[in-house]
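> I would like to see how this sequence folds:
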Amino acid sequence: MHLPLDAESAHRAVAGRDPRWDGRLYLGVATTGIYCRPSCPARTPLPHHCQYFPTAAAAVAAGFRACKRCRPDALPGTRHWDARGDLVARAVRLIADGALDDGGVAALAQRLAVSERHLHRMLLAEAGASAQQLGRTRRAHVARTLIEQTGMPLSDVAFAAGFGSIRQFNDVMLAEFGASPRSFRRPRGSGVAPSASGTTTADGTSAVDGQVGLGAPSIALRLGYRGTIAALTLRRTLAAHAIGGVERIEIDGGHTRVVDAPSGPAIVRVDLGTEDVLDQPIAATFQLASLTDLMPVMTRVRRWLDLDADPALVAEHLGGDPLLGPLIAVRPGLRVLGAIDGAEVAVCAVLGQQVSVAIARVFQSRIAAAFGAPVVGVQKPLAEMRKPLAGVPQPLAGGQKALADGVHTFPRAEVLAAAGPQAIRDAANLTQARARTVHALATAIAEGLVLEPGVDPEGTRAALLALPGIGPWTADYVNLRALRDPDAFLPGDLVLRKALAAATSTPLKELTPRIAETLAQPWRPWRSYALQHLWTQEVYA
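Modelled structure (predicted):
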C-alpha cells in the first residue's frame, strides 16, 4: 500500500489530532480492532499498537471496524473523497470559510457532491448540528467580535455578520450566548468608543477617516492567533511578494492590499508593527464595498497570514531536529504565507518561473494594471505605494510604472481567459510560451479548477501538471500557498537546496532533489514549515 506518510510521521499527525490528514490516512489500533481518523478525540495509542492505511476500505480489509466516535467510514465513496477527506470534516471547514454565504445549503451540498438530505443527516450524526446551525454559530461569534471591538450600530453588525433580519440576529445571539446583543457592548470609557463612521480601535480613536470611495465604512478589528508571530520575517516575505498597484508596503510595519471581494474591491490594512516578534493581536482595517463582505474577506486574510496555525505543535516536533531546531529557536512563530486568492498565487507562480523575484514582480504588476479592476476613490497618494523602503526588495526600473494608472485588483481568471494569450503577452512583455501557460492556467480555473484549502492536493497537482508549461515546482508551490497543505515540499527549489547544502556541508551539485526529499522525511507531516524556515535562513540570514 502507498501511504502518504511513514509510520513515525503518521503517529505524529495522530498525536497532534491534525484534521488536515483526515481522509488521507487511517489509523488501525491492534489492541481494539478499531480504525479511526487522525483527528479522533480518543486517547492516542502507543506507536507499536498502530497500523496505518491509505483508505477506509484497506482498514476494513485488514479486519478493523470503524470507530463510533469519529466515524471514519462516513464517506461518499468517490475517488475524490477517498483521497482528501470525509464529508463532514470538509463541510465544517467550508462552513467556517463562509460557504453558506454564497448559495446556502443547496450550493454547499452540490459542492460536496451529495444531496442536501444526506449532508443534513451526516452533520447531525457527527457534528451534532445542521449546516444552518453551524452557520448561525459562525455568524454569532463574528457579531460578538464586532460588538465588542467596534462602535458600529447593532443593525450594521447584524448586516455585516450575515443575518437576514434584526429579529433573527437577536434570537440567535440569545440562543448562542444567553444574552442580548446590546449586553456585549462595552460602556464608554472602557477602551472602545464609537466614531462617526462606526469604526473604532482599541484605544477609542478612529481607525481611518472617510470611506475611501467604497460603499461601507471602514471597520477596525483585532485578529487573534495562537502563540507568537515572527513578524520581521513575515513583513519581509510580504514585501518580497508585493504586487505593484495591488499592495502597499509601509514604513511603520503596515501592509495594505486590494482584495477582490464578492461585492466589489475591498482594501485591507494589517499592522505588523516594527518588532522582530509579535505577541499581540494584529490590528486590521477593512474598507469594504458592502458590509456583507466582511466575513469572507476576514477569512481570506487569516488564511493569507496563516493565523490559524499552531506554532507550538509544529515546534514540538521540528524543534528537536538538529538542522531545524536552531532555526526555530531564532524565529519562533514563523508562519507560512498563504493566499488571498488561489488563482492569483497560481498565475504569479507561472510569471515567476525561472526568473528573479524582481522580474516576476514586474510581470505581475503589468498583468494587474492591464487586466485588474480599478478601485475608485482611493485617497492615499499613489506616491506612497511607489516609495522604496530600506531593506525591502524592489522591482526593476519601471516595474511599478503601472501605479500611475491607479490602484486595482489582481485580475480574475475569467478575465485572463477571455483576453487570450496574445493580449497577455503584449501587456506584460512575456515570451509566447509563458503567455500561453498563463492563459491555459486561467482557462482551467475559469472552467472549474479549484485552488483553495480542502481540495485534493494530489488530484490538483496532477491537473496542474497536465497544463502546458507547468512543472513540479509550480504545482508544489500552489499546493503550499493556495491549498495550504501542511506537508507541502519543493525538493527541486534552488534556494531550498542551497540552504540544505550549507546546513549539511554538501556541495550544491551533489544536493539533488532526491536527496532533499530524503532529508525532509523526518519533518513530516509539517514539511511546509520546515521549508519556510530553510528559505528564511538562506534569504535573510
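> Who are the packing partners of the one helix or strand A91 maps to?
Per DSSP states H and E, A91 falls inside helix 87-96. Judged by 3 or more C-beta pairs under 8 Å, 6 or more residues apart in numbering; DSSP states H and E, helix 87-96 is in contact with helix 100-111, helix 116-126, helix 131-149. (Each C-beta comes from the backbone N, C-alpha and C, glycine too.)
> Tell me how far it lies from the chain's centre.
15 Å (C-alpha atoms, centre = their mean, to the nearest Å).
> Leaving out the residues flanking it, which one is nearest to A444?
L467 (6.0 Å; C-beta to C-beta, 6 or more residues apart in numbering).
> Kindly tell me how buried the one you found is, as a neighbour count.
Residues near L467, counting by other C-beta atoms under 10 Å, number 19.
> so what's the backbone phi/psi at it?
phi -80, psi 140 (degrees, to the nearest 10).
> now F286
Per-residue torsions, F286: phi -120, psi 120 (degrees, to the nearest 10).
> residue contacts, it?
Shown in contact with F286 (C-beta atoms under 8 Å, 6 or more residues apart in numbering): 218-221, 266-268, 294, 297-298.
> Swap in 6 Å and give it another go.
F286 is in contact with 219, 268, counting by C-beta atoms under 6 Å, 6 or more residues apart in numbering.
> Of the helices and strands packed on helix 87-96, which is nearest P72?
Among those, helix 116-126 comes nearest to P72, with 10.5 Å by C-beta to C-beta.
> Flag every buried residue along that closest one.
Burial within helix 116-126, assessed by neighbour count using 16 or more other C-beta atoms under 10 Å, is assigned to 119-120, 122-123, 126.
> what's the answer for stretch 272-280, then?
Across stretch 272-280, burial judged by 16+ other C-beta under 10 Å covers 272-273, 278.
> can you put those residues in CSV and add pLDDT, distance to G459 and secondary structure?
Putting the buried residues of stretch 272-280 into CSV (pLDDT from 0 to 100; distance: C-beta to C-beta, whole Å; DSSP: H, G, I helix; E, B strand; the rest coil) gives the following:
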residue, pLDDT, distance to G459, secondary structure
L272, 95, 35, coil
G273, 93, 40, coil
L278, 94, 36, strand
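> Out of those, the closest to A13 would be?
L278 (27.9 Å).
> okay, and for the stretch 251-400 of the chain, where does confidence drop off?
Applying pLDDT under 70 to the stretch 251-400 of the chain flags the ranges 377-400.
> those helices in it, which residues are they?
294-304, 311-318, 325-330, 342-351, 357-371, 382-386 (DSSP state H, counting those that start in this stretch).
> Residue ranges of each domain in the protein, please.
7-70, 83-122, 129-181, 312-337+492-540, 342-373+408-473 (automatic domain parsing).
> Mind putting those domains into TSV with distance to S290?
Output for these, formatted as TSV (distance: least, C-beta to C-beta, whole Å):
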stretch	distance to S290
domain 7-70	32
domain 83-122	12
domain 129-181	9
domain 312-337+492-540	27
domain 342-373+408-473	15
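> In terms of mean pLDDT, which of these ranks lowest?
Here the lowest mean pLDDT among those goes to domain 83-122, at a mean of 74.
> And for the nearest residue to I95 once chain neighbours are set aside, the neighbour number?
Spatial nearest neighbour of I95, excluding adjacent residues (C-beta to C-beta, 6+ apart): L134 at 4.8 Å. Applying other C-beta under 10 Å, we find 19 residues neighbouring L134.
> D476 in helix, strand or coil?
helix (DSSP: H, G, I helix; E, B strand; the rest coil).
> so who does it touch?
L490.
> Mind doing that once more with 10 Å?
Applying C-beta atoms under 10 Å, 6 or more residues apart in numbering, we find D476 in contact with 349, 457, 461, 464-465, 485, 488-493, 528, 531.
> ok so, going back, how about the residue nearest to A444, what does it touch?
346, 350, 436-437, 440-441, 443-444, 449, 474-475.
> now, among those, which is nearest to R366?
V350 (13.8 Å).
> measure the closest one to L464 for me?
Separation of V350 from L464 (C-beta to C-beta, to the nearest Å) stands at 10 Å.
> Mutual contacts of these two, please.
441, 470, 474, 477-478.
> Can you name the two of those residues that sit furthest apart?
The most distant members of these, if one measures by C-beta to C-beta, are L441 and Y477, lying 12.6 Å apart.
> For the two, indicate the residue with more neighbours.
L441 (27 against 21).
> does that one sit in a helix, a strand or a coil?
helix.
> any idea how far E414 is from it?
Following C-beta to C-beta, the distance that separates L441 from E414 is 12 Å.
> Identify the contacts common to those two.
Contacts common to L441 and E414, judged by C-beta under 10 Å, 6+ apart, are A343.
> hang on, N170 packs against V157?
No - between N170 and V157 there is no contact under C-beta atoms under 10 Å: 11.2 Å.
> Count residues in the vicinity of the nearest residue to S290 once chain neighbours are set aside, would you?
Of all residues not flanking S290 in the chain, S263 sits nearest, at 3.8 Å (C-beta to C-beta, 6+ apart). If you count neighbours by other C-beta under 10 Å, S263 ends up with 16.
> Relative to Q132, how far out is the residue nearest the centre of the chain?
With distances taken as C-alpha atoms, centre = their mean, the residue of the chain nearest its centroid is R303 (2.9 Å). According to C-beta to C-beta, R303 stands 24 Å off from Q132.
> returning to what we had before: will you turn the buried residues of stretch 272-280 into TSV that also has distance to T285?
What follows is these, written out as TSV (distance: C-beta to C-beta, whole Å):
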residue	distance to T285
L272	13
G273	15
L278	17
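> picking that back up, list the contacts for the residue nearest to I95?
91-92, 94-96, 100, 123, 127-128.
> Any figure for the gap between it and L87?
In terms of C-beta to C-beta, L134 sits 14 Å off from L87.
> okay, and the common contacts of the two?
In contact with both L134 and L87: L123, using C-beta under 10 Å, 6+ apart.
> still on that earlier bit, among the buried residues of stretch 272-280, which one sits closest to Q287?
L272 (18.0 Å).
> Touching, that closest one and A283? I think so.
Yes - using C-beta under 10 Å, L272 is in contact with A283, at 9.2 Å.
> Common neighbours of these two, please.
The contact sets of L272 and A283 overlap at G254 (C-beta under 10 Å, 6+ apart).
> Give the buried subset of the contacts of D476 as a ChimeraX selection command.
Per 16+ other C-beta under 10 Å, the buried members of these correspond to this ChimeraX selection:
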select :349,457,461,464,485,488,489,490,491,492,493,528,531
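> Format the contacts of D476 as TSV; extra columns: distance to P54 and secondary structure.
Converted to TSV, the contacts of D476 look like this (distance: C-beta to C-beta, whole Å; DSSP: H, G, I helix; E, B strand; the rest coil):
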residue	distance to P54	secondary structure
A349	28	helix
P457	14	helix
R461	16	helix
L464	22	helix
L465	21	helix
D485	16	coil
A488	18	coil
F489	19	coil
L490	23	coil
P491	21	coil
G492	25	coil
D493	27	coil
S528	21	helix
L531	24	helix
